[in-house]
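Participant: Okay, sequence plus prediction incoming.
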Amino acid sequence: MTFTKKVADLTPIVDTVFAIARRAKEDEKLHGDEVVNATIGALYDEDNQLVAFDSVFDHYNTMPNTTKAAYAPNFTGTTAFKDAIYNWVVQDVNLDLPHSVIATPGGSGAMSMAITTCLDVGDTLLIPSFAWTSYAIMAHENQYQSLTYEMFEDDHFNLNDLKEKVESLLDKQERIVIVINDPCHNPTGYSMTNHEWEELITYLNEVSKTHPCIILNDIAYIDYSYDLSHSRDYLNVFKKMSDNVMVIIGFSISKALTSYGLRCGAAITIANKQEDVRDVEIVFEKKARATWSSIPNGAMENFIWVISENKEAFLKEKDTYIALLKERADLFLKESLDEELSLYPYKEGFFVTLKMNNNEERDIYHEKLMDNHIYTVKVNKGIRIAICSLPLNKIKGLAKKLKDIQKEI
């Protein structure tokens with residue numbers, strides 16, 4: 001006898017990132033500055049403090065308490081918020097395609113809602129071989145399977161393997177649903193080229209002649225691209241989608257505005273036909289109402305104010321940290337090259353990932369790193385280094401330490 005549903009997975013969840021981060025904090029009490037905590041996936045400054053933009057929170061702190069306490073006027077997000085989100089995401093790209101926007105609790109809410117809307121029970125979600133672990137959890141908890149496609153072929157996006165995995169599903173399910181975390185991929189820091197996006201859309205247009213195809217484009221880190229003025233260029237490729245291809249973009253205000261705890265984001269649905277967009281929107285509306293009811297009113301109101309009334313100050317402050325992030329990445333990449341440390345392709349973003357031959361070697365190496373007070377996150381055949389939270393003085397010399405420890409195993 002059980003009080004949970006029959007298909008419930010009763011295996012306790014273990015969040016390895018937070019577990020390792022706690023272990024690092026305990027080690028810091030004993031060994032202080034000797035500890036390198038490269039686990040934290042949030043932006044920290046050079047004084048090891050969590051970054052919370054003044055251009056965001058100074059105004060939020062002056063907002064009336066009643067605004068922050070109130071329910072949002074609409075559980076799908078206010079019209080002003082949805083317009084602001086869409087315009088912020090597409091910016092100078094004139095998509096001129098039917099679209100809808102639904103407010104969500106962070107980018108995770110958007111991705112979860114999209115996954116559970118587009119797949120039927122027993123279907124398979126395609127996930128990159130390097131990915132945020134929650135994608136697979138979202139699939140599993142809703143009685144879907146997940147299948148990984150190899151993300152890289154040498155130093156570029158592996159469309160060939162993605163094709164193989166798509167074709168393995170064509171006789172098994174009605175729709176193809178693919179997670180593409182781009183640009184500023186977590187955990188490798190890779191960003192696809194416009195040509196790679198074009199090749200992907202061209203292929204899916206062919207597949208969509210028999211199977212509708214949905215791209216779930218997680219853009220959580222897009223606003224930390226090193227080339228912001230061109231970070232949205234790839235969106236132009238969506239104009240070439242066939243009628244049976246759809247894109248659902250998961251946007252994270254939590255990341256963009258360094259407001260991780262406010263849980264604010266959006267799902268943006270884009271397709272050629274208004275009726276297809278509306279079908280998805282109707283399901284999204286019901287899921288939002290039945291799952292989280294509405295997202296924080298104050299977070300939505302503050303986002304609107306920041307990107308309209310305070311845009312210049314916000315961009316200036318954010319640019320300072322993008323420059324710092326790039327300085328950290330450049331230092332680590334240079335020293336990694338000097339030490340012949342093998343990395344997956346990195347272009348921009350919060351994380352860099354070390355290559356491992358296999359997960360057995362990775363596990364041994366990960367433990368050895370902790371023995372030497374270096375705390376990282378294990379990913380598939382890799383070790384994730386969160387340069388977003390490491391000050392320059394901790395990054396300097398880190399590649400040599402990593403290489404020396406690697407030689408010991």
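Facilitator: Cool, the structure landed. Model, not experiment: these values are computed from the prediction. Numbering: from 1, shown residues only.

Participant: from here on, contacts and neighbour counts on C-alpha atoms
Facilitator: Fine.

Participant: Does V207 touch L200 like I think?
Facilitator: No: using Cα atoms under 8 Å, V207 makes no contact with L200, being 10.6 Å away.

Participant: residues in contact with stretch 302-313?
Facilitator: Here stretch 302-313 makes contact (Cα atoms under 8 Å, 6 or more residues apart in numbering) with 55-56, 59-60, 80-81, 84, 88, 253, 314.

Participant: Adding neighbour count and pLDDT, write the residues you listed out as JSON lines.
Facilitator: As requested, the contacts of stretch 302-313 are exported to JSON lines (neighbours: other Cα atoms under 10 Å; pLDDT from 0 to 100):
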{"residue": "S55", "neighbour count": "19", "pLDDT": "98"}
{"residue": "V56", "neighbour count": "22", "pLDDT": "98"}
{"residue": "H59", "neighbour count": "13", "pLDDT": "97"}
{"residue": "Y60", "neighbour count": "19", "pLDDT": "97"}
{"residue": "A80", "neighbour count": "11", "pLDDT": "97"}
{"residue": "F81", "neighbour count": "23", "pLDDT": "97"}
{"residue": "A84", "neighbour count": "18", "pLDDT": "98"}
{"residue": "W88", "neighbour count": "14", "pLDDT": "98"}
{"residue": "I253", "neighbour count": "25", "pLDDT": "95"}
{"residue": "F314", "neighbour count": "18", "pLDDT": "98"}
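
Participant: picking up where we left off before, more neighbours: V207 and L200, which one.
Facilitator: V207 (20 against 17; other Cα atoms under 10 Å).

Participant: so what's Y260 up against?
Facilitator: By Cα under 8 Å, 6+ apart, Y260 lies in contact with 253-254.

Participant: just to revisit the earlier point, out of the contacts of stretch 302-313, which one sits closest to A267?
Facilitator: The nearest member of these to A267, counting by Cα to Cα, is I253 at 11.3 Å.

Participant: can you tell me how far the closest residue to that closest one other than its chain neighbours sits from I85?
Facilitator: Nearest non-adjacent residue to I253, counting by Cα to Cα, 6 or more residues apart in numbering: G265, 5.0 Å away. G265 sits 9 Å away from I85, going by Cα to Cα, to the nearest Å.

Participant: Who has more neighbours out of the two?
Facilitator: Taking neighbours as other Cα under 10 Å, G265 and I85 compare with G265 leading, 29 against 25.

Participant: who's the more buried one bridged to?
Facilitator: Note on G265: beta-bridge partners T104, S252, judged by DSSP bridges.

Participant: Confirm for me that it is in contact with M113.
Facilitator: No: the criterion here is Cα under 8 Å, and G265 misses it with M113 at 12.0 Å.

Participant: longest single helix anywhere in this protein?
Facilitator: With DSSP state H setting the assignment, residue counts place helix 311-338 as the longest helix in the chain.

Participant: Return the alpha-carbon coordinates of the host helix or strand of G109 using PDB.
Facilitator: Element membership for G109, per DSSP states H and E: helix 106-118. Extracted C-alpha coordinates of helix 106-118, given in PDB (Å, rounded to 0.1, in the frame of the first residue of the first chain):
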ATOM      1  CA  GLY A 106      12.000  31.400 -14.100                       C
ATOM      2  CA  GLY A 107      13.300  29.700 -17.200                       C
ATOM      3  CA  SER A 108      12.800  26.300 -15.500                       C
ATOM      4  CA  GLY A 109       9.000  26.900 -15.400                       C
ATOM      5  CA  ALA A 110       9.100  27.700 -19.100                       C
ATOM      6  CA  MET A 111      11.000  24.500 -20.000                       C
ATOM      7  CA  SER A 112       8.900  22.300 -17.800                       C
ATOM      8  CA  MET A 113       5.700  23.600 -19.200                       C
ATOM      9  CA  ALA A 114       6.900  23.200 -22.700                       C
ATOM     10  CA  ILE A 115       8.100  19.600 -22.200                       C
ATOM     11  CA  THR A 116       4.800  18.500 -20.600                       C
ATOM     12  CA  THR A 117       2.800  20.200 -23.300                       C
ATOM     13  CA  CYS A 118       4.500  18.800 -26.400                       C
END
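
Participant: Name every strand pairing with the helix or strand just after it and say which way it goes.
Facilitator: Next helix or strand after helix 106-118 toward the C-terminus (DSSP H and E): strand 124-128. Paired neighbours of strand 124-128 in the sheet (DSSP bridges): strand 145-149 (parallel), strand 176-181 (parallel).

Participant: Could you identify which of those is most buried?
Facilitator: Most buried of those, by mean neighbour count (mean count of other Cα atoms under 10 Å): strand 176-181, with a mean of 23.

Participant: Please name the residues that touch T269.
Facilitator: By Cα under 8 Å, 6+ apart, T269 lies in contact with 99-101, 246-249, 277, 280-281.

Participant: can you pull up the bridge partners for it?
Facilitator: Taking DSSP bridges as the rule, T269 bridges to S100, I248.

Participant: so what pLDDT did it get?
Facilitator: According to the prediction, T269 has pLDDT 98.

Participant: Please parse this structure into its domains.
Facilitator: Following automatic domain parsing, one gets these domains for the chain: 16-53+312-407, 71-308.

Participant: so which of those domains comes closest to L10?
Facilitator: The nearest among those, by Cα to Cα, is domain 71-308 at 10.6 Å.

Participant: Between its first and last residues, how far does the closest one reach?
Facilitator: End-to-end distance of domain 71-308 (Cα to Cα): 22 Å.

Participant: shouldn't N158 be in contact with K165?
Facilitator: No: with contacts counted by Cα under 8 Å, N158 stays clear of K165, the gap being 11.2 Å.

Participant: Just the endpoints, please. Distance across stretch 222-241?
Facilitator: 22 Å.

Participant: if we can go back for a sec, mean pLDDT for the strands paired with strand 124-128 - can I get that in a markdown table?
Facilitator: Conversion of those to a markdown table gives the following (pLDDT from 0 to 100):
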| stretch | mean pLDDT |
| --- | --- |
| strand 145-149 | 97 |
| strand 176-181 | 98 |
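
Participant: Strands of the stretch 51-200 of the chain, residue ranges please.
Facilitator: For the stretch 51-200 of the chain, the strands defined by DSSP state E, counting those that start in this stretch occupy 99-104, 124-128, 145-149, 152-153, 156-157, 176-181.
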